[in-house]
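Q: The sequence and its predicted three-dimensional model are supplied below.
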Amino acid sequence: MVTIKEIAKAAGVSPATVSRVLNYDPSLSISAAKRQAVIETAEALNYDTPRNRNRTQAGPLQLPNRVLAIPRVAIVHFLEPAEELADPYYIGVRLGIENRCRELRIEPVKVFHSQTLAADALLQSVSGVIAVGRHSSSEIDWLTQHCGHLVFADFVPRRAEIDHVCCDLGLATRKILDGLLAAGYRRIAFIGAHDPVSADGRRFGERRCSAYIAWQREHGLFDARLMALADHGDHGQNLKLEAGYEQAKVVLAQPERPDALITANDNMAIGAYRAIQEAGLSIPGDIAVASYNDIPVAQFLSPPLSTMRILSEAIGETAVDLLIERIQGRSYPKHVVIPAEMIWRDSSRAPSQPV
């Protein structure tokens, strides 16, 4: 586990500053550049340390000769830079892409959401495009028209002919629920957001949400009052800590309080912690909390957060490998699922046996 002191040393700030940045302390006065340095350093250290150790043991990377003919690829991000900074999970996806490109001597060119439609000349000048995150049908159509090779990272487009790599969020949700049930929890709440882009117009079609509803009904435990969802908002901004705070207050206000809460990502969990603490409740004594992503801050929360570790960097790396295969002639689509792993920490009881 990377420590706050190691992050502070690498970023050139104090450990206290790192702690306040990772915990999104609104009273902290710090430049945007320094905040970005802390968050990217935390993610990069979690990502690079074990990988570098393994590579040192394995020897130098052998590069395919044909890769050297690929000079540039574009990373088209569904977020703006400031929005990405607010969600370190997507920094991890981008770092995975950039580091894999660096290994293969390919130049990555970043294009953020507001720049996409103005970047048609740029996209036509690169060998291929990796699109990160949620994109609407019209955006997918535009991308396929303006680039020869396209791969999606952390998004499942509704077009089977397009390559993509993602985590199975439905299966991940069932693993969290199975674990909480095995640990003795029964009234398990869920907070998240509606997803009009990925849910085929279904109000409860977001993958985590739909899996939660299906599991609860299968076990005879479904109670609609234990579920609070915000509108997804532009680029999923209602999966931020402010939404976690507001949605947690909704489920905590129910006459019969839940004994466990699942939040749709770690940012929402940070907001939920605040709502729980303001209500005079303890974690996990009064209510357990579990989440998704395992961003760097998860291990430094009080108590440390139980969360589904989604390998964002591996998703980014795999997207590069898929794109290279396409450029080098693969004619059929590939859909890759990267498994997730539940990390049980002190915000909940853990099941006595693996589930």
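A: Yep, that arrived.
Q: how much space between residue 253 and residue 306?
A: 23 Å (Cβ to Cβ, to the nearest Å). In short, each C-beta sits where N, CA and C put it, glycine included.
Q: Look at those two and report which has more neighbours.
A: Taking neighbours as other Cβ atoms under 10 Å, residue 253 and residue 306 compare with residue 306 leading, 28 against 12.
Q: The more buried one is in contact with residue 351, isn't it?
A: No: using Cβ atoms under 8 Å, residue 306 is not in contact with residue 351; the gap is 10.8 Å.
Q: list residues touching both of the two?
A: By Cβ atoms under 8 Å, 6 or more residues apart in numbering, residue 306 and residue 351 have these common neighbours: residue 344.
Q: end to end, how far does stretch 101-109 reach?
A: Start and end residues of stretch 101-109 are separated by 10 Å (Cα to Cα, to the nearest Å).
Q: chain center to it: distance?
A: 22 Å (Cα atoms, centre = their mean, to the nearest Å).
Q: cool, and stretch 260-277?
A: 15 Å.
Q: Can you point out the buried residues in that stretch?
A: If you call a residue buried by 16 or more other Cβ atoms under 10 Å, then stretch 260-277 has these buried ones: 260-276.
Q: Can you tell me the centre-most residue of the protein?
A: residue 89 (3.9 Å; Cα atoms, centre = their mean).
Q: The closest residue to that residue other than its chain neighbours: how many residues sit nearby?
A: Distance criterion Cβ to Cβ, 6 or more residues apart in numbering; nearest residue to residue 89, sequence neighbours excluded, is residue 293 at 4.5 Å. Neighbourhood size, residue 293 [other Cβ under 10 Å]: 25.
Q: Look up which residues are beta-bridged to residue 293.
A: Beta bridges link residue 293 to residue 309, judged by DSSP bridges.
Q: What residues does it make contact with?
A: Applying Cβ under 8 Å, 6+ apart to residue 293 gives the contacts 89, 265, 266, 307, 308, 309, 310, 312.
Q: returning to what we had before: element containing the residue nearest to the centre of the chain, please.
A: In this assignment (DSSP states H and E), residue 89 forms part of helix 88-103.
Q: what comes up buried for the next helix or strand after that helix?
A: For helix 88-103, the following helix or strand on the C-terminal side (DSSP H and E) is strand 107-111. Residues of strand 107-111 classed as buried by neighbour count (16+ other Cβ under 10 Å): 108, 109, 111.
Q: do stretch 295-309 as well
A: 295-301, 303-309.
Q: Straight-line length of that stretch, end to end?
A: 8 Å.
Q: quick one, strands of the chain?
A: According to DSSP state E, the chain carries its strands in the segments 72-77, 107-111, 129-132, 150-153, 163-166, 188-193, 227-230, 260-263, 288-293, 306-309, 335-337, 341-343.
Q: To residue 3, which of those strands lies closest?
A: Residue 3 lies closest to strand 341-343 among those, at 16.8 Å (Cβ to Cβ).
Q: The stretch 251-355 of the chain: helices as residue ranges?
A: For the stretch 251-355 of the chain, the helices defined by DSSP state H, counting those that start in this stretch cover 266-278, 312-327.
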